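okay, predicted coordinates and the sequence, questions at the end:
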Amino acid sequence: MMFGITDILIISTPQDTPNIQRLFNDGSGLGLKISYAVQPEPRGIAQAFLIAEDFIGSDDVCLILGDNIFHMGEQLHIFKQAVADNEGRCATIFAHHVSDPERFGIVEFDSRGKVVSIEEKPKQPKSNYASVGLYFYPSDVVEKAKTLKPSARGELEIADINNLYLKEGRLSVVPMRRGAAWLDAGTPDSLMESGTFVQIIEKRQGLKIACIEEIAYRLGFINDEQMLKLISETKGVDYKAYLNKVYEENHELY
């Protein structure tokens with residue numbers, strides 16, 4: 001949403017998709033258009049492009065992993081500009097310095113900062129920069145996904161997609177600098193760590209991270225009337241108070 005995206009396809013398991021759909025419905029209350037698709041079995045991240053072929057059509061596409069949390073702060077405009085500069089031509093991915101590179105797809109840079117390779121979960125990592133779960137691709141990503149063969153893990157690897165763009169000279173890797181945080185909440189420990197991070201930032205600043213109602217309202221996806229409707233339907237006392245504060249502050253500013 002922070003990148004201005006309003007047309008969204010959520011892909012999940014047969015068990016989880018109905019629950020997600022009950023939560024968000026068609027997204028119209030947030031000024032979004034949300035569709036749903038099922039991944040019957042975990043066959044790799046790149047399988048998402050095959051599942052979403054009709055949804056993508058001839059458009060550029062953004063893929064974000066559901067267990068990733070991003071806190072970009074003031075660097076958001078840099079990332080948005082990088083995506084805009086490459087629109088329709090190149091793939092744009094982001095890299096973050098990590099202490100445990102064996103767990104991730106790792107980006108290797110040369111002495112000039114140019115990308116040399118991307119390797120999925122390497123036993124001997126060539127850098128500490130991990131490719132994070134946020135990717136922007138031209139529409140030809142679907143055709144590239146169709147050419148992939150399962151890896152030794154039996155999955156269609158997103159690293160293989162990125163390497164195809166790299167070989168064509170059409171891959172832009174944007175490092176996330178200090179001040180921007182990326183949290184992979186895919187394990188019990190990292191989920192707890194992510195919750196602690198979010199709690200500390202929100203408590204210190206008095207601002208919520210990834211409050212979708214606030215984002216939709218501040219970006220103009222919904223108007224005053226729609227925001228008030230969302231507030232009236234919110235049951236959590238603290239969350240309702242926060243949304244009321246957002247609404248009131250918006251009117252104080254304008």
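Received it, and whenever you're ready, just let me know what you need.

could you use CA atoms for every contact and neighbour count after this?
Noted.

what segments of the stretch 1-150 of the chain are strands?
7-12, 33-38, 61-64, 68-71, 91-97, 105-109, 115-120, 129-137 (DSSP state E, counting those that start in this stretch).

residue contacts, residue 151?
residue 157 (Cα atoms under 8 Å, 6 or more residues apart in numbering).

burial count for residue 104?
By other Cα atoms under 10 Å, 21 other residues sit near residue 104.

residue 161 now?
21.

any idea which element it lies in?
helix 158-167 (DSSP states H and E).

residues making contact with that helix?
With Cα under 8 Å, 6+ apart, helix 158-167 has contacts from 44-46, 90-91, 105, 115, 117-120, 141, 144-145, 148, 171.

wait, doesn't residue 30 sit right on residue 216?
Yes. If you go by Cα atoms under 8 Å, residue 30 and residue 216 touch, sitting 5.9 Å apart.

quickly list what's touching both of the two.
residue 222.

pLDDT wise, what is residue 180 at?
We have a pLDDT of 87 for residue 180.

is it true that it touches residue 73?
Yes. Residue 180 lies in contact with residue 73 (Cα under 8 Å); the separation is 6.1 Å.

tell me which of those two has more neighbours.
In this view residue 180 and residue 73 are compared by other Cα under 10 Å, and residue 180 has more residues nearby, 15 against 10.

what's the first helix or strand after the helix holding residue 161?
Heading C-terminal from helix 158-167, the first helix or strand you meet, by DSSP H and E, is strand 171-175.

list the helices and strands the helix or strand following that next one packs on?
For strand 171-175, the following helix or strand on the C-terminal side (DSSP H and E) is strand 181-184. Applying 3 or more Cα pairs under 8 Å, 6 or more residues apart in numbering; DSSP states H and E, we find strand 181-184 packed against strand 68-71, helix 188-205.

chain neighbours aside, what residue packs nearest to residue 12?
residue 38 (5.3 Å; Cα to Cα, 6 or more residues apart in numbering).

quick one: that neighbour from residue 21, how far?
11 Å (Cα to Cα, to the nearest Å).

if we ignore the residues flanking it in sequence, what's nearest the spatially most central residue of the chain?
The residue lying closest to the centre of the chain (Cα atoms, centre = their mean) is residue 64, at 3.0 Å. Ranked by Cα to Cα, 6+ apart and with sequence neighbours excluded, the top spatial neighbour of residue 64 is residue 134, at 4.6 Å.

this completes my enquiry, with thanks.
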